[in-house]
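Colleague: Everything below, folded, please.
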Amino acid sequence: MFPKSINGDSRALSRRLFLLSTGTMALSIACSQNIVNSETTSIGSLRYLKSGFADGLISPSTIIAGAPQRAPFLLYGSEGVPIVNNVPNSIPVTLQFPSGKSLELELNQFSEGVPTPYFPMFFESNEVGLHKVAYVMDETPQSLSFIVSGKDDVDLVQVGDSLRRTEIPTFDNPLNFSEICTRFDPCPYHYVTIEESLSNSLPTILLVSTPGFCQTSICGPSLEILIELLGESTDSLNVIHAEVYTNPEKIVEATNFQSLLSPAIKDYGMTFEPSLIVANSKNRVLERLDYMFDKLEMENALSLIS
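Modeller: Reported below is the predicted structural model:
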């Protein structure tokens, strides 16, 4: 069973989101993926794809119709943990739409600077409902499903939307946050507010993440990669790191988990982290990377404002 998202019970949360499940029900999950050639591959060596995003089956979907989407997948083994070594460079899949139409896609591996390789699927669907991803792994036909929602049913900021106003603490104004940055050495991206970024003429990079609680192999060092790519000299940019929790040390004992979520999480409609949002000088969102992203994807996103 997947742990709950950041809007769920804090005691069931490993301080991250549902996609960080270790997959203790791996065998039942594998069997639910329509494996039809059990004679070819033994259950002990089984590899299978697993959604690394809110697929709508366990938690409300964050994938919408009518706009380009990015849905990352992880390659799991029968032990119920992501595979990090000897993974394929790409995985051919067939995306099947609710109408019966299908699309052939290639899921390329991304892994630069992150501990676990992942396979994002880039696509656009004009259909709301259950979508199926069919593929062959180790000569075994498999499949998994996810739900595409209508745009009005998902509150996330989308490419083409404007940045939203929200409260994010700075070193000069910590608001009610007990920790402005959970990085062991606070990062340099806590000087600019969203209000300031909306009023000036500079592009904006907003990273929502909680580096102090990066406890699993899936959690990528997104903040460290951003620092590596940008450095501390960002005079020509608004660079903002927003933490997820206002008082992270109280997560375990909290009875009202919602009260610990930062305004940025609520105002940007997020049920997960991390997320990287890149906007141009007119505050229009050019790219959004969610759940997991490596150095290459971050470089590509940042290049849109260079």
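Colleague: My guess is Phe123 contacts Glu104. True?
Modeller: No: assessed by CB atoms under 8 Å, Phe123 is found out of contact with Glu104, at 10.9 Å. For every residue, glycine as well, the C-beta is placed using N, CA and C.
Colleague: Spit out the residues that contact the two alike.
Modeller: Leu95 (CB atoms under 8 Å, 6 or more residues apart in numbering).
Colleague: Who has more neighbours out of the two?
Modeller: Set side by side, Phe123 and Glu104 show more neighbours around Phe123, with 18 against 8, by other CB atoms under 10 Å.
Colleague: Let me see the contact set for the more buried one.
Modeller: 68-69, 71, 95, 103, 105.
Colleague: go again using 10 Å as the cut-off
Modeller: Going by CB atoms under 10 Å, 6 or more residues apart in numbering, Phe123 touches 63, 68-71, 93, 95, 97, 103, 105, 131, 133, 148.
Colleague: could these be laid out in JSON lines, adding distance to Ile225, pLDDT and secondary structure?
Modeller: JSON lines is the format used below for the contacts of Phe123 (distance: CB to CB, whole Å; pLDDT from 0 to 100; DSSP: H, G, I helix; E, B strand; the rest coil):
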{"residue": "Ile63", "distance to Ile225": "24", "pLDDT": "97", "secondary structure": "coil"}
{"residue": "Pro68", "distance to Ile225": "23", "pLDDT": "94", "secondary structure": "coil"}
{"residue": "Gln69", "distance to Ile225": "23", "pLDDT": "96", "secondary structure": "strand"}
{"residue": "Arg70", "distance to Ile225": "17", "pLDDT": "97", "secondary structure": "strand"}
{"residue": "Ala71", "distance to Ile225": "21", "pLDDT": "97", "secondary structure": "strand"}
{"residue": "Val93", "distance to Ile225": "27", "pLDDT": "98", "secondary structure": "strand"}
{"residue": "Leu95", "distance to Ile225": "29", "pLDDT": "98", "secondary structure": "strand"}
{"residue": "Phe97", "distance to Ile225": "34", "pLDDT": "98", "secondary structure": "coil"}
{"residue": "Leu103", "distance to Ile225": "31", "pLDDT": "97", "secondary structure": "strand"}
{"residue": "Leu105", "distance to Ile225": "26", "pLDDT": "98", "secondary structure": "strand"}
{"residue": "His131", "distance to Ile225": "30", "pLDDT": "98", "secondary structure": "strand"}
{"residue": "Val133", "distance to Ile225": "28", "pLDDT": "98", "secondary structure": "strand"}
{"residue": "Val148", "distance to Ile225": "29", "pLDDT": "98", "secondary structure": "strand"}
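Colleague: If any of these are buried, put those into a PyMOL selection.
Modeller: Applying 16 or more other CB atoms under 10 Å to those, the buried members can be selected in PyMOL as follows:
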select buried, resi 63+69+70+71+93+95+97+105+131+133+148
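Colleague: Quick check: closest non-adjacent residue to Ser162.
Modeller: Once flanking residues are discounted, Ser162 sits nearest to Asn283: 5.2 Å by CB to CB, 6 or more residues apart in numbering.
Colleague: I'm done for today, thanks for sticking with me.
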